[in-house]
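Colleague: based on what follows, work out the 3D shape:
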Amino acid sequence: MDASAERKLWMYEKMIEIREYEETMAGVYLEGKLPPAIQKGLAFDIGGGPVPGEMHLAAGQEPVAVGVCAHLRTEDSVVGTHRPHHFAIAKGVPLKPMTAEMFGKDTGLGRGKGGHMHLFDPAHRFSCSGIIGASLPPACGAALAAKKRGKDWVAVAFFGEGASNQGAFHESLNLASLWRLPVLFVCEDNKYAISVEKSESTAVAWNADRASAYGMPGVLVGQNDALEVYEAAGVAIARARRGEGPTLLEVRTDRYLGHFQGDPEIYRPAGEVAELRKNDPIPRLGAHLRKLGLLDDAADTALRARVGARITEAYEYGRTSPYPKPEDALLHVFH
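Modeller: This next block holds a predicted model:
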């Protein structure tokens, strides 16, 4: 399933948007957390700065998000992970309220109460969770709802290779196959479950091989390539829309940053990230577009300017939006 010129350009622009968004957040997040506190003899202040709490960024993993979401409609559901921004951006979640949520502002998706691991946008049918493996059961629920309503909507559950060893993974695959649910399970294999290498935690080389135990296709995309992901995801999503059931798709991708910001990454071999970056999927797709005559220097510059303006505007919105009132802590809770 070859992507159209329009889809290829969309994927390229979205990957640049995701990368710039994540790299901007990497700097913003560290504000108020590092040098002053360390000079005073204090530890890394995870609660300091304008964006408190943990932060998990997805630079390098853009192909998984855009290759899958390029096939989705607004009515389709996506459930992401604790590293969710690339999925949210690719699904169409607006940057301004998403960013405001991370700043803890009243204009955020969850009125500032969820933070970056708990982004919920019903209008775009996007959600995520900080719990490992928690994306799979809700995606099955969304797929079951679509099936019962007689719709051709699909649901996508993104998860990491570490989550494939959770019970929720096996239970969800079994149920989805048994009920022929229109769901796509997408395993982002970046080799590390936090700091544990896949070979030290998982008995099989590829999680896609596990699909056969549950009577569904298992597909491996061994390269961190948006077009290859697009092709594999297109077949699986079309299959789901026809009512033929679920697919397990595994993508070998690369995580350029730590598991969380502030991660010392002592578990990585020296020079690993530098080697991974030599195969960066963004310039590779850009070179493909240039070869086809779909992109030149002027168009690339204009595209990057558009992306930069959107991101600058989103971060300014996040910084300047008001915080919730103290009494708002009593809203949206059970009494």
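Colleague: list the buried residues in stretch 306-325.
Modeller: Using 16 or more other C-beta atoms under 10 Å as the test for burial, stretch 306-325 gives 307, 310-311, 314-315, 317-318, 321, 324. For the C-beta atoms, the positions are set from N, CA and C on the backbone; glycine is no exception.
Colleague: now do stretch 266-283
Modeller: For stretch 266-283, by 16+ other C-beta under 10 Å, it's 268, 273, 276, 280-282.
Colleague: for V51, which residues are in contact?
Modeller: 25, 28-29, 31, 102-104, 116 (C-beta atoms under 8 Å, 6 or more residues apart in numbering).
Colleague: ok, for it, nearest residue in space, not its chain neighbours?
Modeller: Taking C-beta to C-beta, 6 or more residues apart in numbering, and ignoring the residues beside it in sequence, V51 has Y29 as its nearest neighbour in space, at 4.9 Å.
Colleague: what does V79 give?
Modeller: Closest to V79 by C-beta to C-beta, 6+ apart is S135, at 4.1 Å.
Colleague: list the contacts for the one you found?
Modeller: 79-81, 128-129, 157-159, 163.
Colleague: repeat that for T247.
Modeller: Here T247 is in contact with 184-185, 211, 216-219, 235-236, 239-240 (C-beta under 8 Å, 6+ apart).
Colleague: can you pull out the helices in the stretch 1-150 of the chain?
Modeller: All helices of the stretch 1-150 of the chain, identified by DSSP state H, counting those that start in this stretch, fall at 5-29, 35-39, 62-69, 85-91, 95-102, 136-148.
Colleague: weakest of those by average pLDDT?
Modeller: Comparing mean pLDDT across the helices of the stretch 1-150 of the chain, the weakest is helix 35-39, with a mean of 56.
Colleague: one step back: hang on, the residue nearest to V51 packs against M55?
Modeller: Yes - counting by C-beta atoms under 8 Å, Y29 touches M55, with 4.7 Å between them.
Colleague: shared neighbours, the two?
Modeller: With C-beta under 8 Å, 6+ apart, Y29 and M55 have common neighbours Q261.
Colleague: drop anything exposed from the contacts of T247.
Modeller: When the contacts of T247 are checked against 16+ other C-beta under 10 Å, the ones flagged as buried are 184-185, 211, 216-219, 236, 239-240.
Colleague: what distance do you get for the nearest residue to F185 once chain neighbours are set aside to R242?
Modeller: Excluding its sequence neighbours, the residue lying closest to F185 (C-beta to C-beta, 6+ apart) is L248, at 4.7 Å. Separation of L248 from R242 (C-beta to C-beta, to the nearest Å): 17 Å.
Colleague: check V28 too.
Modeller: 44 Å.
Colleague: so for the two, which sits in the more crowded spot?
Modeller: V28 (20 against 10; other C-beta atoms under 10 Å).
Colleague: list the residues that contact the more buried one.
Modeller: V28 touches 49-51, 315, counting by C-beta under 8 Å, 6+ apart.
Colleague: what are the ranges of the strands in the stretch 201-335 of the chain?
Modeller: For the stretch 201-335 of the chain, the strands defined by DSSP state E, counting those that start in this stretch occupy 218-221, 247-252.
Colleague: how big is the angle separating the longest one from helix 62-69?
Modeller: By that I understand strand 247-252. Angle between the axes of strand 247-252 and helix 62-69 is 160 degrees (criterion: axes from the mean of the first three to the mean of the last three C-alpha atoms, to 10 degrees).
Colleague: any idea how far strand 247-252 is from the middle of the chain?
Modeller: Centre-to-centre, strand 247-252 and its host chain are 14 Å apart (C-alpha atoms, centre = their mean, to the nearest Å).
Colleague: could you do the first one as well?
Modeller: Here strand 218-221 shows a centroid-to-chain-centroid distance of 18 Å under the convention C-alpha atoms, centre = their mean.
Colleague: list the helices and strands that strand packs on?
Modeller: Packing contacts for strand 218-221, counted by 3 or more C-beta pairs under 8 Å, 6 or more residues apart in numbering; DSSP states H and E, involve helix 226-241, strand 247-252.
Colleague: nearest to L109 among these would be which one?
Modeller: L109 lies closest to helix 226-241 among the helices and strands packed on strand 218-221, at 25.3 Å (C-beta to C-beta).
Colleague: now F120: how far from A134?
Modeller: In terms of C-beta to C-beta, F120 sits 13 Å off from A134.
Colleague: so for these two, which sits in the more crowded spot?
Modeller: Set side by side, F120 and A134 show more neighbours around A134, with 19 against 16, by other C-beta under 10 Å.
Colleague: now that one: closest residue in space that isn't a chain neighbour?
Modeller: Leaving aside its sequence neighbours, A134 sits nearest to A168 (C-beta to C-beta, 6+ apart; 6.7 Å).
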